[in-house]
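Engineer: any chance you can model this:
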Amino acid sequence: MLKVHRKKFKTIFGLTFLLLIFFSVFSCIYFPIESTEKYEDKQEYQENKNLIHTSISEKWNNSWGTSECDMASGIILDSEGNYYIVGSSGDPYDLTIIKYDSSGNKLWSETFDGPAGGYDTGNAIALSPDENYVYIVGWVDTGNHWHTQLVKYSAANGTYQWNRTWGEDFSYTTKGYSVKVNSTGYVFVGGNNGTFSGFITCYDSSGNNIKNKSLSSLGISSVSDMVIDSADNVYITRGKSSNTVIAKYNSLLELQWNETFTPESIDFEYSNPTAMSIDIQDNIYISGYVYNNSDYYWHVMKYNSSGNHLYNKTIISAPTDDDRSAKDIIIDKQENIFLIGACDGNNFEDDKDILIVKCDNEGDYLYNWTWDSGDIDKGRSLAYDPQGSIAACGDQNSTQTDPDGEDFVIIKFSLKPQNFSLFIDNLSPGPYDEDGNITLNWSESAPFDANNYTIYNSTTYIMEINSSLEYNAEGITNTTFSIENLTDGTYYYKIQAFNDYGNSTSNCMEIVVGRTPEGFFLSENSTRPHDSDGIFWLNWTSSENAEEYAIYYDTSEISDFTTATLYEDQIIGTTAKINMTTMGNGLWYFIVVANNTFQGGYSETQAGNNANASIGISPKEFALMSYDAEEPELDEQFSLNWTVSTYAENYSLYWSLSEISDVEESDVYLLYNGTDLSYIVDNELGYEDVIYYFKVVSENQFGTNESNNFNVTKGYPGIPPENVTLFSEDVEVYEDGIFTLNWTNTIYADNYSLYWSLSEISDVEQSDVYLLYNGTELSYYLDRILEEDDKYYYFTVVSENQFGTNSSNCLNITVGYPGELPDSFSLSSNDAGSPDLDGEFTLNWSVSTHADNYTLYWSLSPITDVNNPQVKELYSGEGLTYEVKESLGFMDDVYYFKVIAENQFGTSESNSFSVTVGNPDDGNGGLPWWLQAIFTGMISAAAGLVIKISYSRYKKRKELLEEISRKLDKIDNIEQFLKQRLGYEEWQKLQAPLNEYKEQKITEKELIKTAKKELGDRFMDIFKNR
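Structural biologist: Alright, predicted model coming up:
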């Protein structure tokens, strides 16, 4: 049954094609284009147009089909990213529509079988302005003819709405090829009316036919495609004879203009349009083909909305005769052009792949990519998503040989650049790059749709591109990038490719740089022929790539630094100070090694030459001494010792009976010559009671050095004892008169005599100076009082030998208390009122001779004993005044004061001084003093002001005390109340007066005053919120 229908279809199609040729040849209407553009010739079009089977990032693909032949012909996209595909499926064909979501999941599919039950095709699809409905146009078999068919479905769920069949004369075949909807919802259908004349028909959204427009006046037999601009103007295109016609109608289908393109103007014989598209500027694009000498070429033209021809471009040679033209054209937001069709595949003979070609906004070819399912694949239509993708639909033959095996296919491609691979050129051989110069190269896999690249770098592996990364270059278009002079270390690079829709990244490439230091040369500035101090400088030229340097030395020329001794390493710079003073004389060789560390490795380069220095240092300083010579030396048996004189090869020991300044003098004699560092003198010099002087001379070939003069006293050569010091380590005042006297050991002393007196000793021969001890000891323990207590005792020691004496210092020892007590003195106040109203006044006391310190006490009763618990210390120090402040809380009472003068020998008391503060009267003694003073006129107006202020303070204090007294009366347990509110130390201060209050030794008023004085405002505060 299917083959019968196909045969009938082929017969009708062949007759239609012959009629089209006939009318094209004999048409009398012709609209040529007068173009001023200089076009490329045909030969230029044919060069460099070979297709490449590239690929672009595919997001997903899906297919749909029945057991029969299924072919997709159109695709559209809604604003939510859903896709609608229209075509024909089954046997006989039924109009078919499928909806997919943005991830490629099929949402629904519907088929439509016309009234005759025959062939129904879906050729094109459009969305209503509100995207609630889709319109499909094609043609339906009505039994005798094909007629244009328009079907409306719900976009949400595919619910059928209505269908309309159109024919200008139903005795002829009509076919709908294109459908578009304007902004007000009117549906325009374009196609062929069967009389070799194109038509446009318009419907409203309810399916009512509004207007029909025959295109016979343009001489075109059909409408290949049409578009609607932003003002709802309608543009159509179709071939006419060998030319291409484009026409513009307004929304009422009134012709605005028409233009004709003649292929002869670019040296081609024939042109034919297949699809149209429009950009946001309302520029019109037409894709089709041009033909010459059996060769077909994909072709694109551009017009503005006024009909001005902007350009025409021949894109590629038609891949096959079956695919002589692109099937669809779309324009992206940058006015780039995408075309779809098919090309030869590589899987088997007659294999086809879907082909998509991209051109720039001038219509110039950029690149193409292909899609291959492994079977025969053909591209039919494109949909563009401004978010960065395009979707292609078409059909694929799943059986390779059986044409009935074709299925719908949809593929979604990302327009972002593809991921790509990064490589490194010109790396040095081995695990490290040794020169720091590399070339990043991604040309082999560079995304053909990338506009530019940014190169990022880091010292750690780059997981993702973020703002923390540094970049070497930004916005470059080359696919290689050179980097020079990298220092040692590990570097990571990643390339990011950009185009108008996003970016992609390469792999992260690691480069380890380990540069070998370059050669360099060494020099020195030592003194010639011999460096006398062993200190000089090594200098060397800089070794490129070196991080640091190390110096090695040896006694012979160094060919391999690893056999030499390290002098210093980790040197930054190209110079170093050499100090060989501890290394010894001779010829020393030096080499410098440039070092470079990386990745746990170590690269070293030795200087190109040795440097040498001849060290010739004279013997260094040293000292002569004796470890066992006594003072005086009586038996002449002792050793002389000397320290090492660096660089000395020999020592000469000299002696004399006078200090040695020059060993060449006649009275200086050689005692020893050799390499030892000591010499034993054993009764060989032969003198008595003399002083021997010794000196050692150290020697080598470069010079000599002399030790100090060292003398040894033999016997007693008329020298009296040296100074002696007397002291006592006990306390300064000895109450019991028992203490120890000590004195220093004195050179040459044979004996010591200890003397004492009650006055300072200047001469031990005085009559009041007495001998206490005589002997060789260096201390004396005094276990008794020499005369009586409370005395100053004076002591001195005389060191003695046969040649004289030497006296010590005179030491004063105090026994008991022989000093003076503080003298009497008096306490008073210059500003205390009588009474004192504000509790602020100054206490003054006169000087007490011999006093070291003064202590001021106060009490609420006359002070007879400062140790009484009721007596409080107010001040202790060296001052002679004390200011009593209001903050101390003295108020409404009589206060008694006394000062104790003190020194180490005793104390002296001042008079007892009292100050009346406020009004201590209990209220029964008549009017207060301040009222009496005012009434009797004893004070002036100025004094009245002062009294007023004082009274105000007094009144406040009195009110506060009365308030506290009232609150205390209400407290059952005062002790518990205070413990709960005071700290431990505060409570300790009030415990004694509280006990006295409980024992009725003091009044409540006295308790409050004492607490106020001890704690100040702290005591007042605990009653404020009571």
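
Engineer: show me the helices in this structure, by range?
Structural biologist: Here the chain has its helices, by DSSP state H, at 2-26, 42-46, 929-935, 941-969, 974-981, 984-998, 1004-1015, 1017-1024.

Engineer: what are the ranges of the strands in the stretch 301-450 of the chain?
Structural biologist: 309-317, 328-331, 337-344, 352-359, 365-371, 376-385, 389-397, 406-414, 423-425, 438-441 (DSSP state E, counting those that start in this stretch).

Engineer: whoops, I mixed them up, the stretch 751-900 of the chain
Structural biologist: 751-757, 770-775, 779-782, 791-801, 804-807, 811-815, 827-828, 841-845, 853-859, 872-877, 881-884, 893-903.

Engineer: how near is the closest residue to H145 other than its chain neighbours to K577?
Structural biologist: Spatial nearest neighbour of H145, chain neighbours left out: T173 (4.5 Å); criterion: CB to CB, 6 or more residues apart in numbering. In this view, the C-beta of every residue, glycine as well, is placed from N, C-alpha and C. Distance, T173 to K577, using CB to CB, to the nearest Å: 108 Å.

Engineer: neighbour count: these two, which is higher?
Structural biologist: T173 (22 against 9; other CB atoms under 10 Å).

Engineer: next one: that one from W166, what distance?
Structural biologist: Separation of T173 from W166 (CB to CB): 12 Å.

Engineer: which neighbours do the two have in common?
Structural biologist: H147 (CB atoms under 8 Å, 6 or more residues apart in numbering).

Engineer: okay, the strands of the stretch 301-450 of the chain in TSV with mean pLDDT and distance to I747 next?
Structural biologist: Shown next, in TSV, are the strands of the stretch 301-450 of the chain (pLDDT from 0 to 100; distance: least, CB to CB, whole Å):
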stretch	mean pLDDT	distance to I747
strand 309-317	92	120
strand 328-331	97	118
strand 337-344	94	116
strand 352-359	93	113
strand 365-371	90	110
strand 376-385	95	112
strand 389-397	93	110
strand 406-414	93	106
strand 423-425	88	86
strand 438-441	93	83
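
Engineer: just the CA trace of the strand ranked longest in the chain, in PDB.
Structural biologist: Of all the segments of type strand in the chain, defined by DSSP state E, the longest one is strand 586-598. Taking Å, rounded to 0.1, in the frame of the first residue of the first chain, the C-alpha atoms of strand 586-598 are listed here in PDB:
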ATOM      1  CA  GLY A 586     100.400  28.700  53.700                       C
ATOM      2  CA  LEU A 587      99.000  28.800  50.200                       C
ATOM      3  CA  TRP A 588      95.200  28.300  50.200                       C
ATOM      4  CA  TYR A 589      93.100  27.600  47.100                       C
ATOM      5  CA  PHE A 590      89.400  28.700  46.800                       C
ATOM      6  CA  ILE A 591      86.500  27.800  44.500                       C
ATOM      7  CA  VAL A 592      83.000  29.200  44.400                       C
ATOM      8  CA  VAL A 593      80.000  27.100  43.500                       C
ATOM      9  CA  ALA A 594      76.700  28.600  42.200                       C
ATOM     10  CA  ASN A 595      73.700  26.700  43.600                       C
ATOM     11  CA  ASN A 596      70.100  26.400  42.500                       C
ATOM     12  CA  THR A 597      67.500  24.400  44.300                       C
ATOM     13  CA  PHE A 598      64.100  23.300  43.000                       C
END
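
Engineer: sheet partners, orientation included, of it?
Structural biologist: strand 548-554 (antiparallel), strand 601-606 (antiparallel), strand 611-615 (antiparallel) (DSSP bridges).

Engineer: of these, which shows the lowest average pLDDT?
Structural biologist: With a mean of 76, strand 601-606 has the lowest mean pLDDT of these.

Engineer: could you list the low-confidence segments of the stretch 151-300 of the chain?
Structural biologist: Across the stretch 151-300 of the chain, the ranges flagged by pLDDT under 70 are 168-171.

Engineer: now the strands for it?
Structural biologist: 160-166, 175-181, 187-192, 198-203, 209-214, 225-228, 234-240, 243-249, 255-261, 270-278, 284-292, 295-303.

Engineer: rewinding a little: so how far is the longest strand of the chain off the chain centroid?
Structural biologist: 40 Å (CA atoms, centre = their mean, to the nearest Å).

Engineer: before we move on, what about stretch 775-793?
Structural biologist: 79 Å.

Engineer: can I get the CA coordinates of it in CSV?
Structural biologist: Extracted C-alpha coordinates of stretch 775-793, given in CSV (Å, rounded to 0.1, in the frame of the first residue of the first chain):
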residue,chain,number,x,y,z
GLY,A,775,97.9,36.8,114.8
THR,A,776,97.6,35.4,111.3
GLU,A,777,93.9,34.8,111.1
LEU,A,778,91.6,36.8,108.8
SER,A,779,88.6,37.2,111.2
TYR,A,780,87.8,37.7,114.9
TYR,A,781,84.7,36.7,116.7
LEU,A,782,83.7,39.2,119.5
ASP,A,783,81.6,37.3,122.0
ARG,A,784,81.1,40.0,124.6
ILE,A,785,80.4,43.7,125.1
LEU,A,786,83.7,45.4,125.3
GLU,A,787,82.7,48.2,127.7
GLU,A,788,78.9,49.0,127.8
ASP,A,789,75.7,49.1,125.8
ASP,A,790,74.6,52.0,123.6
LYS,A,791,78.0,52.9,122.2
TYR,A,792,79.7,53.4,118.9
TYR,A,793,82.8,51.2,118.7
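
Engineer: who touches that stretch?
Structural biologist: 736-745, 750-752, 754, 756-758, 772-773, 812-818.

Engineer: again, only this time at 6 Å
Structural biologist: 737-743, 745, 754, 756, 773, 813-818 (CB atoms under 6 Å, 6 or more residues apart in numbering).

Engineer: can you pull the buried residues of that stretch?
Structural biologist: Residues 780, 782, 791, 793 are the ones in stretch 775-793 that count as buried (16 or more other CB atoms under 10 Å).

Engineer: stretch 229-247 now?
Structural biologist: 229, 233-247.

Engineer: repeat for stretch 648-666
Structural biologist: 648, 651-657, 660, 663.

Engineer: of the residues you listed, which is the nearest to S79?
Structural biologist: Checking these against S79 by CB to CB gives A648 as the nearest, at 103.0 Å.

Engineer: quick check: that closest one touching S698?
Structural biologist: Yes. With contact defined as CB atoms under 6 Å, A648 counts as touching S698 (3.6 Å).

Engineer: and the pLDDT for the residue of the chain most remote from its centre?
Structural biologist: Among the C-alpha atoms of the chain, the one most distant from their mean position (CA atoms, centre = their mean) is that of S767, at 91.3 Å. We have a pLDDT of 92 for S767.

Engineer: that one and D322: what is the separation?
Structural biologist: Taken as CB to CB, the span from S767 to D322 is 154 Å.

Engineer: again, but for N499
Structural biologist: 32 Å.

Engineer: so between those two, which is more surrounded?
Structural biologist: Neighbours per residue (other CB under 10 Å) separate N499 from D322, with N499 holding more: 18 against 12.

Engineer: contacts only, for the more buried one.
Structural biologist: 417, 449-451.

Engineer: please list only the buried members of those residues.
Structural biologist: Members of the contacts of N499 classed as buried by 16+ other CB under 10 Å are 417, 449-450.

Engineer: nearest to M71 among those residues?
Structural biologist: Using CB to CB, the buried ones among the contacts of N499 come closest to M71 at D449, 29.1 Å.

Engineer: how about that closest one, phi and psi?
Structural biologist: phi -100, psi 10 (degrees, to the nearest 10).

Engineer: quick check, pLDDT for it.
Structural biologist: Confidence score, pLDDT, at D449: 82.

Engineer: can you give me the distance of it to G394?
Structural biologist: 21 Å.

Engineer: same check on Q988?
Structural biologist: Taking CB to CB, one finds Q988 at 103 Å from G394.

Engineer: higher neighbour count, these two?
Structural biologist: Counted by other CB under 10 Å, Q988 and G394 do not tie: G394 has more neighbours, with 30 against 11.

Engineer: now do the contacts for that one.
Structural biologist: 72, 354, 378-380, 409.
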